[in-house]
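*Asks:* Mind folding the following:
(2 chains)
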Amino acid sequence: MGGKKVLLAEDDELLAALLKHKLTKGGYTVDLCEDGKEVKEYLKKTQPDIIVTDIMMPYFSGIELIDFIRNEMNSNLPIIVISSAGNEENVLTAFEMGANDFISKPISPAELIVRIERELIKNKFASS
Amino acid sequence: MLLAKPTYKIHFLIDAPKIHTDLLWDLSLLFVGLIIAYFAGVFFFKNRITSSSKKVALRKKELSPIIGQFLFCEDDDSKEEKTDYIKLKIEIRHLLKDDFNRQVLAEILLDLRKDVTGDTQRRLFNLYKNLELHKDAYQKLKSWKWHVVSKGILELTQMQVEESYNLITKFINDKRVTIRKQAEIATVSLKHEGINFFLDTTRYRISEWQQLKLLDVIRNLEDFQPPRFKVWLTSSNRHVVLFALRLIKYYNQNDVKPSLIELAKHKNNKIKDEAINCIKEFNVSEALDTLQTVFWKSTPHIKISILDTIAAIGNEDNVEFLQLIEKKEANFSVRSKAISAINTILPESILPTKGIQDVSNFEIPDDVTRKEEFDELWPSEPELPIFEQDIHEENILRLEPKVEHNTTTDIERQKGDVPNVKNIEETDESVSLNLQPEFEIDIVEDTIDERNDPKIMEEEHFSEMDEKNKEIEPAYIPSEEDTDFQGIDLQFLPIVIDAEMEEEHKETVKSKKHITSESPERHLHEIEVIFEQVLLEDLTLEEEAIESIDGLAMTEISFLPIVVDEDDMDTNISEESRYRYSIPEKNPENKASDNANLAFEQVFQKEAIDRRLLSKKNKKAKLPVSTAEIDKAQVRQITVVFEQLIPEKDRPDEMVMDNENEKMGDGLKDLEFDIPMNKTAINEDRPIQEDPREQKSTKKFLKYIPEIELYEQDTLEKLELLDDIEELGDEREIPLLLEYLDDENVPVVRERIQEILKKFSPLEIQKLSTSGNKSRTEDLTEHTSVVADFFEHCDTESKLILLDTLTDIMDQKDIRFLEELLESPDLEIRKKAQSLLHDWQEQQTIEESINSKKENVIDGNTSSVVSHESDEGYDFLLDELEIRKSDTYDIFDIEFEVGLDEEEHEHEGGQAIAGPASTSEKALLSRLKFLPTKIFERLNG
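*Replies:* Here you go, the predicted structure:
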């Protein structure tokens, strides 16, 4: 999975930096966005291989972002949602909107990598 | 100054006191000034806080990538990454000198702790400790400000600094509530035994909220084994007792019945209540008498708890007590609970009495169809109508009795079973047609007295129910003539129940009656259970096969394994019998059995063990579970086919086998071994008789069987160790292997070591291993000084200590490092390095002279000295004699042609650059050569 581009949308700078470092070490190219607006701008210019997004973000929540990607962009990009613990309702909504997977905080970076890999494999099979 | 005149008239006791206008102005100005100062202060502090938070945020942004790099640094990282890591480490050590940075770093780590889990979190804790941030938290504990201390405890708890446990436990009985609570949580979460310490030592109140938090902490502890909390039921702190009771209930520690009964008498209502809850939870029926005694002196809340418990665990004996409460208790809630408890123990024994109308005077209107006519029209039971509450008395239906023996209880039952019946009132006459004829009720005015005798009611209720059902039965089964309902809407008709089902229903009702009137446990034992015995076919076949063993030729069954339970194996089978018996057993007691050799085979594979089968076998006690139990008489007459023939070996063979078996242990139970016959004989203490025919037949096969090599126990262990090294080790094991090789005399082990060395090392190392030269291998594997890494991060004092230490362990690889130190800005270190180098030089010179003398004695000329197996002294001697070495490349050989250009080049760089082994060795020797001159030059400036 080396060299795949991951878009990480996370408003918590510390966590974002940590995850970016781990993913980069895992062989991914990581682009960071701090809010939903930035993600939209990014997606207009670049096409990542997978999106990892927090649900709670400024301007546009993760759910709105999924809606934008699925319905306005008509994209089947794999999306993994990061949610706070016990935020079941948001997770369910995210799945309804078309999220592929979710991981709840506190996050295990190693687990995130595994989930990303799995989604990329799934997507590869789906597209082939 | 203006004259202050009163501007209003004085009206004593009516008007406001006179105040000069000037004073008012002054006051106004003062307040305006204060307001401005206040707002200025607010503005100033707000700005200060904002700017400091901005500063913190900025610094966090700067430091967070560093943290990431620190957290995910692995051993297998690239060289660049490791270099970056070292640089970062140096950088961060500089940063940590500033308190602000330390504070920010601690905050970052605390923030990250919430967001990450697993291995990353563990690394985060380690990093926190490595950066020594916990020492700041320790400092906070010494503060006189409660919030600082509390923050320190929280920090240490969150970062799991176990070392702080002893410091924190001191705060458990702190008089400041916040600190105390924080300390309690820290104590419980830092160590598993923290809960014990806390419950033992706490003298203060443990609030409900705190109890919940502590329970939450305990629940989330990994691998936590809860202690027996009953120990703290005797605590003098009643809050501890209460908490212990709750923990007992939570962890279901139901071995505290006597204590619970005693605590039910506690004067503290909370403890009493919790004890009663535990009694109910653990079904402590022994406590019923105590509860009844305690009841009368309790608060309503406790009384309700007691009644609730009696309802749950009580029996018919408690009904009388409950009835007494119903009569005597003034509190409505308690009385209601008592009735509810009675009804729980004896269901429907007390029925509703309030708001029940007297239906004895009710009359059925004349125009209502008579029953006979009704039966003709509606042969089956119609659906029960749902009646409204507000109904006029004129329209009330009168139901005619159908059964003469109906009593007052019958009415009760009907009311109870069919609640709608109590409101049998109709507004519409036509609806009366839908009334079911079976539920005719005799109305008797006085129904209250009998209600108090539940037993009578119960018996009558069920007996009459049966009779009623019997009567109803015919009505449910319509005749064939009546079943012609084509074209009629039959939706209103009831579901017709089969007579057999009805019987079953009756039985169910009866059983329900029993279950509810008596304790459930008793009835569980009284339930009649019919067992159907199922004999599995395979079991039967197995038994038959073995029972009829006499009729079988052994050839037919020899393939069958004797299946043995693992549990029984240890007790029933000797160690030797674990192996497959390939050589037949001979019984000297019976000569006739000489020809009857048996091939036993035991299979201990777990998959092969059928416990079900074994238990069946054991039950029957017919089948053998081990070879020892096999009936020889049956076996003797069987012709035995040899599966494999192995001649009797000497005793030492068996010894080897035994040793191997012991070492292999349980993990190799599954393996099967062929062992000599004499082994089996040893097991059974019988002499062996050699069979000449057997020997003859086996001789021709013997040449194909390889001779068994026998090793000493020690040798075997070494070989095993070498196997492990081969499997798990890598080139780092080479020095160790070489050591072994030098010490080892056993050829097999030496061969094995050389094999492994071949595997681990390139050709050069292999050569070296044969020569047994250890020192060169060390040079090959390590090129840098052992102290170089430590040296980077030490202060001068530590560096000097390290150099002192180096004196004892110094070898050639340290010379380069010492030479670098000659250029150190620190004078002391330069001097130390110089002295060390000087010592080393002297030592080398002595060694050289000794070696050269030695060589001269042996060979008498210098040519004999030039060999590959020389040591460092030899190399130096060659250098001194300016003898050029062979051009053949060998990494252990040192190129002796020291070019001045190379030397100069290295000097230009300002410091020596680590290169390949040969280059470094060359540089080292050249440096050594010119070292005294260099030192002299340096000393003279």
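*Asks:* quick one: secondary structure of B:I19?
*Replies:* coil (DSSP: H, G, I helix; E, B strand; the rest coil).
*Asks:* Can you report how many residues lie near residue 78?
*Replies:* All of this is about chain A. Counted with other C-beta atoms under 10 Å in any protein chain shown, residues neighbouring A:P78 total 23. To be clear about C-beta, it is placed using only N, CA and C from the backbone, and glycine gets the same treatment.
*Asks:* Let me rephrase: I mean chain B.
*Replies:* 9.
*Asks:* measure the residue of chain A most remote from its centre to chain B for me?
*Replies:* Centroid-distance maximum for chain A: A:S128 at 22.0 Å, with C-alpha atoms, centre = their mean. Using C-beta to the nearest C-beta, to the nearest Å, A:S128 is found at 33 Å from chain B.
*Asks:* which ones are touching residue 105?
*Replies:* I went with chain A, as the question did not name one. By C-beta atoms under 8 Å, 6 or more residues apart in numbering or on different chains, the residues touching A:K105 are A:82-85, B:114-115.
*Asks:* That was the other one, I meant chain B.
*Replies:* For B:L105, the contact set (C-beta under 8 Å, 6+ apart) comprises B:63, B:67, B:92, B:95-96, B:131, B:133.
*Asks:* Give me every residue in chain B lying close to chain A.
*Replies:* Residues of chain B lying close to chain A (C-beta under 8 Å from any C-beta of the partner chain) are B:60-61, B:64-65, B:67-69, B:71-72, B:108, B:111-112, B:114-121.
*Asks:* and the nearest residue to B:E726 once chain neighbours are set aside, how many neighbours?
*Replies:* Closest residue to B:E726 apart from its sequence neighbours, by C-beta to C-beta, 6 or more residues apart in numbering or on different chains: B:I756 at 4.9 Å. Other residues within reach of B:I756, judged by other C-beta under 10 Å, total 21.
*Asks:* next one: phi and psi at B:I756?
*Replies:* B:I756 adopts backbone torsions of phi -70, psi -40, taken as degrees, to the nearest 10.
*Asks:* I'd like the distance between it and B:P735.
*Replies:* 13 Å (C-beta to C-beta, to the nearest Å).
*Asks:* thinking again about what came up before, in PyMOL, how would I select the buried members of the contacts of A:K105?
*Replies:* Here is the PyMOL selection string for the buried members of the contacts of A:K105, based on 16 or more other C-beta atoms under 10 Å in any protein chain shown:
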select buried, (chain A and resi 82+83) or (chain B and resi 115)
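*Asks:* mind listing the helices for the stretch 251-400 of chain B?
*Replies:* B:257-263, B:269-281, B:288-295, B:300-313, B:319-328, B:332-345, B:371-377 (DSSP state H, counting those that start in this stretch).
*Asks:* And the first one, what's buried?
*Replies:* Looking back up the chat, that one is helix B:257-263. Buried residues in helix B:257-263, counted by 16+ other C-beta under 10 Å: B:257, B:259-261, B:263.
*Asks:* Can I get these in JSON lines including pLDDT?
*Replies:* Output for the buried residues of helix B:257-263, formatted as JSON lines (pLDDT from 0 to 100):
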{"residue": "B:K257", "pLDDT": "92"}
{"residue": "B:S259", "pLDDT": "94"}
{"residue": "B:L260", "pLDDT": "95"}
{"residue": "B:I261", "pLDDT": "95"}
{"residue": "B:L263", "pLDDT": "95"}
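*Asks:* For residue 113, give me its contacts.
*Replies:* In the absence of a named chain, chain A is used. A:22-23, A:26.
*Asks:* um, chain B though
*Replies:* If a contact means C-beta under 8 Å, 6+ apart, then B:R113 has B:121, B:124-125, B:158-159 as its contacts.
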